[in-house]
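1. Here you go, sequence then predicted model.
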Amino acid sequence: MSEETASQGKPVDQPRIERAVREILAAIGEDPDRNGLLETPARVARMYAELFSGLHLDPARHLKKTFEETYDELVLIRDITFNSMCEHHLLPFIGTAHVGYIPKGSVVGISKLARIVEEISHRPQVQERMTEQIADLLVQELDPKGAIVVIEAEHSCMTIRGVRKPGAMTITSAVRGLFRKNESSRAEAMSLINGHR
Ligand SMILES: Nc1nc2c(ncn2[C@@H]2O[C@H](COP(=O)(O)OP(=O)(O)OP(=O)(O)O)[C@@H](O)[C@H]2O)c(=O)[nH]1
Ligand SMILES: [Zn+2]
């Protein structure tokens, strides 16, 4: 557990995960005591602590420090890679997030936009909610003229099981403020998100 997780949120109960993973191994007909599986429950517990590390953290804290600037055009961070866990199957969905806003008097450090994606993705999620949470956090903390979030991801619950459609990408977007009202602002952001790859 990182210091940050320990100080800001409830720690993940790793011994409890270990017991549950042992149960799952037994339930699938494996022998949890065979050599190759002995460390698996502890390993999975550490992995879940990492994958769900954002659950009890408040990503708003990353947006508290801002810098006064008169710049009031689009700021867009494109292609922020992320991995999250679909809350329906506890399988990963992996993709990129594009996060943009139009500042009103102050800007935020650009790394902070990637930090909020990181933290919001490290929870049991559905892609739509994750998209909205990022956009709403920008509005809440930065009071920007507009905010836009586009996420594209491949859901392994759709690739390795179930309908089995590898390569199918799910695209979600959340637009707030100016981007909702002004079609040309939205089109500009979308063309920058989609263009020149
Ligand atoms: N809207 C949305 N659906 C998701 C997301 N991640 C996974 N799902 C879907 O959640 C749904 C769960 O449907 P259920 O019918 O309860 O579960 P299931 O029987 O395993 O469904 P199949 O995947 O179709 O086999 C599936 O259609 C998944 O594709 C997500 O981020 N957003
Ligand atoms: Zn799923």
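-> Done, it's in. Ligands and ions are numbered 1, 2, ... in the order given.
2. can you list the residues of this protein near ligand 1?
-> Taking Cβ under 6 Å from any ligand atom as the test, the list of the chain residues beside ligand 1 reads 86, 88, 126-128, 155, 157-158, 162-163. (C-beta placed from N, C-alpha, C; glycine too.)
3. how is the chain carved up into domains?
-> Domain assignment for the chain by the TED database gives 14-52, 65-195.
4. Can you pull up the most central residue in this structure?
-> For the chain, the residue nearest the mean C-alpha position is S121 (2.0 Å; Cα atoms, centre = their mean).
5. separation between the residue lying closest to G177 once chain neighbours are set aside and ligand 1?
-> In this structure, G177 finds its nearest non-sequential neighbour in G146, 3.8 Å apart by Cβ to Cβ, 6 or more residues apart in numbering. Using Cβ to the nearest ligand atom, to the nearest Å, G146 is found at 25 Å from ligand 1.
6. What about G146, how many residues nearby?
-> As a burial measure, G146 scores 24 neighbours (other Cβ atoms under 10 Å).
7. again, but for K181
-> Residues near K181, counting by other Cβ under 10 Å: 10.
8. Backbone dihedrals for it, both of them.
-> Backbone torsions for K181, taken as degrees, to the nearest 10, come to phi -90, psi -40.
9. taking the residues of the chain next to ligand 1 one by one, which sit in strands?
-> Counting by DSSP state E, the residues of the chain next to ligand 1 place 86, 155 in strands.
10. Looking at the longest helix along the chain now, give me its mean pLDDT.
-> Assignment by DSSP state H gives helix 127-142 as the longest helix of the chain. Here helix 127-142 scores 98 as its mean pLDDT.
11. Likewise for stretch 17-35?
-> In the prediction, stretch 17-35 has an average pLDDT of 98.
12. if we can go back for a sec, pull out the buried residues from the residues of the chain next to ligand 1.
-> 86, 126-127, 155, 157-158 (16 or more other Cβ atoms under 10 Å).
13. Take these and lay them out in CSV including distance to ligand 2.
-> Compiled in CSV, those are given as follows (distance: Cβ to the ion, whole Å):
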residue, distance to ligand 2
C86, 3
V126, 8
Q127, 10
H155, 6
C157, 3
M158, 7
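14. from the residues you listed, which two are the most distant?
-> Pairwise distances among those were taken by Cβ to Cβ; the largest, 12.8 Å, belongs to V126 and M158.
15. Which parts of this structure are strands?
-> Secondary structure of the chain, counting by DSSP E: strands at 66-68, 75-86, 91-102, 106-108, 124-125, 146-155, 170-177.
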